[in-house]
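Asker: A structural model of the following input is requested.
(one chain, ligands or ions: 1)
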Amino acid sequence: MTSVRVVVVGAGVIGFSTAVCIAEALPSCSVTLLSEKFSPDTTSDGAAGIMFAGEFPDIPLERQRLWFKDSFDHLLAIAQSQHAPEAGVMLSSGFKRAGGQVHQRKVDNLQELSNSYDIIVNCSGLGSKLLVGDSQVYPVRGQVLKVEAPWLQHFIRDGDGKTYIYPGIHGATIGGTRQEGDWRLEVDEGDTKSILERCSRLEPSISKAKVLSEWVGLRPSRRNLRLEREVVQLQGRQVPVVHNYGHGGWGVTLAWGTALDAMSLVRQCLREKPAQAKL
Ligand SMILES: Cc1cc2nc3c(=O)[nH]c(=O)nc-3n(C[C@H](O)[C@H](O)[C@H](O)COP(=O)(O)OP(=O)(O)OC[C@H]3O[C@@H](n4cnc5c(N)ncnc54)[C@H](O)[C@@H]3O)c2cc1C
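Answerer: Below is the predicted model of the structure:
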């Protein structure tokens, strides 16, 4: 039987998680992941990795709870396994082990993909603004510093979540900023100063810590994250497209749960539209 050609666009935590779920659960699909950027150059690489989710106002709470629970269970299982230190690496090697193909490529529009693939899965984060013309997706800029402070044993987060100290394996991540609509990827010296001042107020020993690096990421934000399927007319063909983007500041937290949901939508495409998918 010829396999159904599925392409996933995006190599952040959402794209890779979604690609792994599809490759593992739907053996009738051959899965290719295309992306302009890969680790360590995605937003997902700089996230502190804390499991914490806000609420999307118009998505049923039950669905959001399930995304969180599925992700929590998945990450807990990894954390308790011997593979915990290389969990991020496992995501891409797990995809390749499941038979997935990975190629570096910027996709300018979905038409480019319609002749080579039967189902398109869009996990391009902020890139969806141009790729699918979504004016609802916007950046929330976040700047963080990595500092050497091995004496820190506990994380500290202030009430509104703007100032935090998260000790990790390779230094502590301290932050941060939440600047809506700000596209700047350069480090801002004013932000650096403000982060050091705010964090030193929370934990005075931070003022003695050596700054190892500074990093800026743009959270791919949307009033409601977009996890749905549609059928798009591309080059005269009806092509199923599954969208999974707009996770804002909660992408690491919700990645696995939303990936499972996206995989179910691909499964529905296979069941309901066999003619379109060239089965
Ligand atoms: C400072 C900071 C701290 C954070 N901390 C946390 C945290 O503690 N916990 C948490 O849950 N979340 C956190 N987040 C949020 C989290 O990082 C994001 O929600 C998550 O990374 C989004 O993942 P993504 O895969 O959608 O996007 P990205 O990681 O941005 O990936 C998008 C991918 O799509 C590709 N792409 C885009 N357009 C195209 C195109 N046209 N053609 C080909 N490829 C394309 C890109 O190259 C990239 O590979 C934080 C974010 C920031 C900035």
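Asker: Report the contact partners of the single nearest residue of the stretch 101-250 of the chain relative to the ligand.
Answerer: Scanning the stretch 101-250 of the chain for proximity to the ligand using Cβ to the nearest ligand atom identifies residue 127 as nearest, at 2.0 Å. In short, each C-beta sits where N, CA and C put it, glycine included. Counting by Cβ atoms under 8 Å, 6 or more residues apart in numbering, residue 127 touches 9-10, 36.
Asker: For it, which three-state class applies?
Answerer: Following DSSP: H, G, I helix; E, B strand; the rest coil, residue 127 is assigned to helix.
Asker: still on that earlier bit, just the contacts of residue 127 that are near the ligand?
Answerer: For the ligand, the contacts drawn from these by Cβ under 6 Å from any ligand atom are 9-10, 36.
Asker: Any of those residues buried? List them.
Answerer: With burial judged by 16 or more other Cβ atoms under 10 Å, the buried subset of those is 9-10.
Asker: just checking, which of the contacts of residue 127 belong to strands?
Answerer: Mapping the contacts of residue 127 onto strands (DSSP state E) picks out residue 9.
Asker: can you list the contacts of residue 127 in a markdown table and add pLDDT?
Answerer: Output for the contacts of residue 127, formatted as a markdown table (pLDDT from 0 to 100):
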| residue | pLDDT |
| --- | --- |
| 9 | 98 |
| 10 | 98 |
| 36 | 98 |
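Asker: Just the closest of the contacts of residue 127 to residue 198, please.
Answerer: Of all these, residue 10 has the smallest distance to residue 198: 32.5 Å, by Cβ to Cβ.
Asker: Which helix or strand in the protein has the lowest average pLDDT?
Answerer: The weakest-scoring helix or strand in the chain, judged by mean pLDDT, DSSP states H and E, is helix 87-97 (a mean of 74).
Asker: give me the element residue 271 is part of.
Answerer: Assigned by DSSP states H and E, residue 271 belongs to helix 251-272.
Asker: contact partners of stretch 181-192?
Answerer: So stretch 181-192 is contacted by 138-141, 143, 145, 177, 211, 214-216, 218 (Cβ under 8 Å, 6+ apart).
Asker: which ones among those come in contact with the ligand?
Answerer: Of the contacts of stretch 181-192, not one also sits near the ligand (Cβ under 6 Å from any ligand atom).
Asker: What's the ChimeraX syntax to select whichever of the residues you listed are buried?
Answerer: Buried residues among the contacts of stretch 181-192 (16+ other Cβ under 10 Å), as a ChimeraX selection:
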select :138,139,140,141,143,145,177,214,215,216,218
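Asker: Which parts of the chain belong to which domain?
Answerer: By the assignment in automatic domain parsing, the chain contains the domains 4-136+222-272, 139-220.
Asker: Can you tell me which residues in the stretch 101-250 of the chain are near the ligand?
Answerer: Residues of the stretch 101-250 of the chain lying near the ligand by Cβ under 6 Å from any ligand atom: 106-107, 123-125, 127, 131, 142, 144, 175-176, 217, 219-220, 245, 247-250.
Asker: Which ones among the residues you listed map onto helices?
Answerer: Applying DSSP state H to these, the entries found in helices are residue 131.
Asker: measure the closest residue to the ligand within the stretch 151-279 of the chain to residue 64 for me?
Answerer: Residue nearest to the ligand within the stretch 151-279 of the chain (Cβ to the nearest ligand atom): residue 251, separated by 2.1 Å. Taking Cβ to Cβ, to the nearest Å as the measure, residue 251 and residue 64 are separated by 14 Å.
Asker: who's more crowded, those two?
Answerer: Neighbour count, other Cβ atoms under 10 Å: between residue 251 and residue 64, residue 251 has more, with 23 against 20.
Asker: coming back round to it: and the ones next to the ligand among the contacts of residue 127, which is closest to residue 49?
Answerer: residue 10 (18.4 Å).
Asker: just checking, that closest one touches residue 131?
Answerer: No. The criterion here is Cβ atoms under 8 Å, and residue 10 misses it with residue 131 at 9.3 Å.
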